[in-house]
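J.: build me a structure from this.
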Amino acid sequence: MDINLPEALESDFREALACLEANAPNASAMMCRRLVSRLAVTNGADTEATTGPQLDFLKKRHIIGDDVYQAAKLVKVLGDEGAHPPDEVTMDEARQAVSATKEILEALKSGGPEGR
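T.: So this is what the prediction gives:
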């Protein structure tokens, strides 16, 4: 199955980077989570579902492989921490979320085995 990578993913990623550069780790992690949710919805996941079930949908349908799924789950967890007090995302965690998100995008763009 081919994966749909809308241009909006790049916009979300640029915003996540801008938040990181602005020293806003919670916002950066949340933007990364938004990106993986958008990826799921664009590829058929339920818009009413939360990010976890959306990612499960992608994996069960073999739209993403295990490596991308694991990276996306990390992004989801860190994005949740950024969105829900009293948790706080550290700058190191935000950098992890951005790095994992970049890996997801690169894997999916390359169409390699880890991207499918």
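
J.: just the helices in this structure please.
T.: Assigned by DSSP state H, the helices in the chain fall at 7-21, 25-42, 51-60, 66-83, 91-110.

J.: most packed of those?
T.: Of all these, helix 25-42 carries the top mean neighbour count, a mean of 24, counting by mean count of other CB atoms under 10 Å. The way it works is simple: take the backbone N, C-alpha and C, and place the C-beta from them, glycine included.

J.: and that one, what does it pack onto?
T.: helix 7-21, helix 51-60, helix 66-83, helix 91-110 (3 or more CB pairs under 8 Å, 6 or more residues apart in numbering; DSSP states H and E).

J.: can you pull out the residues in contact with the first one?
T.: This means helix 7-21. By CB atoms under 8 Å, 6 or more residues apart in numbering, the list of residues contacting helix 7-21 from outside reads 25, 27-29, 31-32, 34-35, 38-39, 91, 94-95, 97-98, 101-102, 105.

J.: let me have the helices of the chain in CSV, adding mean pLDDT as columns.
T.: Converted to CSV, the helices of the chain look like this (pLDDT from 0 to 100):
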stretch, mean pLDDT
helix 7-21, 95
helix 25-42, 96
helix 51-60, 96
helix 66-83, 97
helix 91-110, 94
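
J.: picking that back up, can you tell me which of the helices and strands packed on helix 25-42 is nearest to Gly44?
T.: Closest to Gly44 of those, according to CB to CB: helix 51-60, at 7.0 Å.

J.: that closest one versus helix 66-83: what angle between them?
T.: Here helix 51-60 runs at an angle of 170 degrees relative to helix 66-83 (axes from the mean of the first three to the mean of the last three CA atoms, to 10 degrees).

J.: so what touches helix 51-60?
T.: Contacts for helix 51-60 (CB under 8 Å, 6+ apart): 33, 36-37, 39-41, 43-46, 49, 63-64, 66, 69, 72-73, 76, 79-80.

J.: got the angle between it and helix 25-42?
T.: 40 degrees.

J.: how far away from the center of its chain is helix 51-60?
T.: Distance, stretch centre to chain centre, for helix 51-60: 12 Å (CA atoms, centre = their mean, to the nearest Å).
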